[in-house]
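Q: give the three-dimensional model of this entry:
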Amino acid sequence: MSIYLLSPGFVYAFIWLFTLGLYSLGLTSNLVELSDNMVVFIIANILCGLFFSLFFIKKGSLSSISLSKAMPDLKLTKKLFVIWCFAIIPDVVVAGGIPMIMQLRGGYNYTDFGIPTYHGFVNMLFLFVFPTIYYQFLIVRKKRLLLILLAMCIWELMVFRRGIIMSGVVEIILVYFIFKQLTLNVLLKIFIALLLIVFLFGAVGDIRGAENPYSYLLIGNDSILASLPSGFTWFYVYITAGLSNLAFNFQHISPVYDFTSFQDLFPSIIRNLIYPDLGFHDSMQLVDANANVSTMFEKLMPDLGVTGSITVVVVMLSIFSYAYANLLKSYSYSIYPYAVAMQCVIFSGFYNLFFIQTYFLLFIFTLILVRIRFKGGKSVQTS
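A: Next up, the predicted model:
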């Protein structure tokens, strides 16, 4: 695969084109018509992505990347996994049980699970360990490593962290793309895996709430979504509803420049000190109360406006492109900031992951490790 196709900028542009394509199908009743200004805004987003992919339009293949240099060895991987196993215990103790079990018994709100700030670090550890174990499986081909990955996924399902699982899936797909030669057979396997993920995503959503809660949004009984498992309805709504909510409010957004869009970057204790009276932005009206998903601009637009939001995109894609350039040089640990960058761009039509403490800290921490290692008390660049 040509190396520019997996640059964060190119993928960002593709995601917004893909979202726009699904939106144009109009399969649910909550989608509003896009204004001319909204279309211009989306095109600006796409052009930003394409511009930052230009740096990587050159001859070369992802197979030139050495994952043995870009990822930890098996010994460190085992240690990190053991740490994660112990790290998940305090959340369970404080909650008094496992969310899925308590939900099935009734009377438990799964959003209450997790010690504030602490569980963010647990999630960060998961996102570091998960692709590392998968890479070791590709190397040694030991099935018990796949069982470990399955167990980690089951755990995240039981605590209703579908978003973390989706991020983990993105990570291992990226590792697979880099490790394997891309063939039609490989693409078919990935497509089947994605269909399974969509199915499971809907199944878990049905367990934690009402069965297929978005079925009333389907247009007509002969809708293609009505004949498919609920996961496809979940998927379509999650992809398109954010754009619809943004379009519904676009003409009436009046930025206040109070920088509340940055507050998720801080631990809750610090956040409460910096933003004692502001809380999260909630000025955008929803087209449908149940379809409360958003794009990455849900908090940025009421805070910084159109110009400020595009500026944030430019800054993000700049540092994401830098992370990708480091990966192409196979610097130590360079897979991790790149993987975070790709998660942020892939889910940009849904939420601004980069402004969430877990993803931001993982990106910054691993970016520091990328070109530096400590040896004999000195920091030296790896290659």
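Q: the closest residue to Val140 other than its chain neighbours and Val186, how far apart?
A: Nearest non-adjacent residue to Val140, counting by CB to CB, 6 or more residues apart in numbering: Leu74, 7.2 Å away. C-beta coordinates here come from the backbone N, C-alpha and C atoms, glycine included. Distance, Leu74 to Val186, using CB to CB, to the nearest Å: 24 Å.
Q: what residues sit buried inside the helix or strand that Ile139 is a member of?
A: Using DSSP states H and E, the element containing Ile139 is helix 118-140. Neighbour-count burial for helix 118-140 flags 119-137 (criterion: 16 or more other CB atoms under 10 Å).
Q: residues in contact with the following helix or strand past that helix?
A: Next helix or strand after helix 118-140 toward the C-terminus (DSSP H and E): helix 143-158. Helix 143-158 has contacts (CB atoms under 8 Å, 6 or more residues apart in numbering) with 81, 84, 88, 98-101, 126, 129-130, 133-134, 136-137, 162, 164-165, 168, 172, 200, 204.
Q: what's the angle between helix 143-158 and helix 118-140?
A: Inter-element angle recorded for helix 143-158 and helix 118-140: 150 degrees (by axes from the mean of the first three to the mean of the last three CA atoms, to 10 degrees).
Q: tell me which helix or strand comes right after helix 143-158.
A: Counting by DSSP H and E, what follows helix 143-158 is helix 162-179.
Q: where's Ile165 relative to Thr183, distance?
A: Separation of Ile165 from Thr183 (CB to CB) stands at 26 Å.
Q: quick check: Met100 vs Phe160, distance?
A: 7 Å.
Q: my error: substitute Tyr12 in the last question.
A: Tyr12 is 28 Å from Phe160, by CB to CB.
Q: which one of these two has more residues nearby?
A: Tyr12 (28 against 21; other CB atoms under 10 Å).
Q: what residues does the one helix or strand the more buried one maps to touch?
A: Here Tyr12 sits within helix 8-25, counting by DSSP H and E. Defining contact as CB under 8 Å, 6+ apart, one finds that helix 8-25 is touched by 4, 31, 34, 42, 45-56, 236, 239-240, 243-244, 317, 320-321, 323-324, 338, 341-342, 344-346, 348-349.
Q: let's see that with 7 Å instead.
A: 4, 31, 42, 45-46, 49-53, 236, 239-240, 243, 317, 320-321, 324, 341-342, 345-346, 348-349 (CB atoms under 7 Å, 6 or more residues apart in numbering).
Q: what is the burial count for the closest residue to Met301 other than its chain neighbours?
A: Computed as CB to CB, 6+ apart, the closest residue to Met301 that is not its neighbour in sequence is Ile253, at 5.0 Å. Ile253: 17 surrounding residues under other CB under 10 Å.
Q: who are the neighbours in contact with Ile253?
A: With CB under 7 Å, 6+ apart, Ile253 has these contacts: 301-302, 305.
Q: how long is stretch 271-290 end to end?
A: Start and end residues of stretch 271-290 are separated by 28 Å (CA to CA, to the nearest Å).
Q: point out where the stretch 201-350 of the chain drops to low pLDDT.
A: 201, 204-212, 220-222, 276-283 (pLDDT under 70).
Q: which parts of it are helices?
A: 230-249, 268-274, 300-328, 335-346 (DSSP state H, counting those that start in this stretch).
Q: which one of those lies nearest to Ser261?
A: The closest of the helices of the stretch 201-350 of the chain to Ser261 is helix 300-328. By CB to CB, the value is 4.0 Å.
Q: before we move on, back to that, now the helix holding Tyr12 against helix 230-249, angle please.
A: 90 degrees.
Q: and the next helix or strand after helix 8-25, what's buried?
A: As assigned by DSSP H and E, the chain's next helix or strand after helix 8-25 is helix 36-53. Residues of helix 36-53 classed as buried by neighbour count (16+ other CB under 10 Å): 38, 41-42, 45-46, 48-50, 52-53.
Q: of all those residues, which comes closest to Ser332?
A: The closest of these, once distances to Ser332 are taken by CB to CB, is Phe52, at 24.0 Å.
Q: who touches the closest one in this structure?
A: 9, 317-318, 321.
Q: which pair in those has the greatest spatial separation?
A: Across the contacts of Phe52 (CB to CB), the longest gap, 9.4 Å, separates Gly9 and Ser318.
Q: which of those two has more neighbours?
A: When Gly9 and Ser318 are compared on other CB under 10 Å, the one with more neighbours turns out to be Gly9, at 24 against 12.
Q: which one is that one nearest to, not counting chain neighbours?
A: Phe52 (3.1 Å).
Q: per-residue pLDDT of the one you found, please?
A: At Phe52, the model reports a pLDDT of 89.
Q: what distance do you get for it to Asn45?
A: From Phe52 to Asn45 the distance is 12 Å (CB to CB).
Q: can you check Gly120 too?
A: Gly120 is 28 Å from Asn45, by CB to CB.
Q: quick one on the thing from earlier: ok, Ile165 and Thr183, which is more surrounded?
A: Ile165 (22 against 9).
Q: how about that one, what does it touch?
A: 153, 156-157.
Q: please report which of the residues you listed has the highest neighbour count.
A: Within the contacts of Ile165, most neighbours by other CB under 10 Å means Glu156, with 22 neighbours.
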